[in-house]
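**Q** Provide a 3D model corresponding to the input given below.
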Amino acid sequence: MLPLAEVLSTLELTESGDGTFVAEQRDNASHHIVGGHIAAQALMAASRTVPGRLPHSLHVYLLRAGDARYPVQMEVTNLRDGGSLSTRRVIGRQGGEVLLEALVSFSVAMEAADYQQPRPEVPDPETLPPVEEQLQAFADEAHGYWVRPQWIERRYIDPPPRLAIDLPEPPARTRMWWRPAEPVTDDPVVNSALLTYFSGTSSLDSTVSMRRTTQVTVFSALIDLAVWFHRPADLTDWVLSDQVSPSGINGRGLANATVYNRAGQLVCSTTQEMYFGRARRD
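**A** Residues are numbered from 1 along each chain as shown. The predicted structure is shown next:
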């Protein structure tokens, strides 16, 4: 299957009874479960127990590394169903060990004041080169890591990490347009899961740029992630991610991001923390 089709297939969890769902993983050379991916699956599991309401926030702690060759059991507990808000706890287990704990909140639409900070003024995505074109000079580096096909298309406004580490000073922020590489559903829950997956991986850009390293030279892992969904995303068009890393300390890098649609509406806000460990071997 195409990479995006593989991602979407793993969001179709199998219910095994009593609020438990089976989440199949996408295997890779290191058998590492991607933090953003398993967080997106936790969101999908919780959503299956809250019909008629959309997710508005997700808070995840990733406690252990899992093995992507095997599925993860998602156990959903109903904590509250109120007049406008519902809350679920999700525990992700594999082989008897807890990999993930999450709280997911859902809401109904309400008439209320609507305000936001304006979207940054940036070039349109059509005027920017694809990232694979920007990094073509590094096509032979790290076994083709920088130009490999992905489930998303990216158009960077600021230098991507591989270029940023060669600059005299790291960029203050990392802004990029992105969209799925293939057509996607208009299901707002699935699109919230795709936003979660993307947020759990893309915000690494700002932290590695500030650290003057890259994700292929130093081991990194997502350790916690929070996402606030402000309005449903239309992922048939480009969305803008504006990312910044305000702090790096004790081997951890903090990253914040705001995501806007083409019309300038704020789609979601995220905060995450990455752990950086030992240097990778060739």
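
**Q** So Ala226 is in contact with Cys268, correct?
**A** No. With contacts counted by C-beta atoms under 8 Å, Ala226 stays clear of Cys268, the gap being 10.4 Å. No exception for glycine: its C-beta is placed from N, CA and C like everyone else's.

**Q** Using the record's assignment, carve this structure into domains.
**A** According to the domain assignment given by the TED database, the chain is divided into the following structural domains: 1-109, 123-281.

**Q** averaged over its residues, what pLDDT does the host helix or strand of Phe198 have?
**A** Using DSSP states H and E, the element containing Phe198 is helix 188-202. The average pLDDT for helix 188-202 rounds to 91.

**Q** ok, back up a step: can you tell me which of the domains of the chain the model trusts least?
**A** Taking mean pLDDT as the measure, domain 123-281 is lowest among these, coming in at a mean of 87.

**Q** Distance from the chain centre to that one, please.
**A** Using C-alpha atoms, centre = their mean, to the nearest Å, we find the averaged C-alpha position of domain 123-281 to lie 8 Å away from the chain's own average C-alpha position.

**Q** and the helix holding Phe198, what other elements does it pack with?
**A** In terms of contact count using 3 or more C-beta pairs under 8 Å, 6 or more residues apart in numbering; DSSP states H and E, helix 188-202 is assigned the packing partners helix 3-10, helix 35-47, strand 54-62, strand 174-180, strand 218-229, strand 239-249, strand 252-261, strand 266-279.

**Q** Which residue ranges of the stretch 51-200 of the chain form strands?
**A** 54-62, 72-81, 85-94, 97-107, 152-156, 174-180 (DSSP state E, counting those that start in this stretch).

**Q** hmm, who's touching the third one?
**A** Looking back up the chat, that one is strand 85-94. Strand 85-94 is contacted from outside by 23, 38, 41-42, 45-46, 49-50, 53, 66-67, 70-80, 98-107, using C-beta atoms under 8 Å, 6 or more residues apart in numbering.
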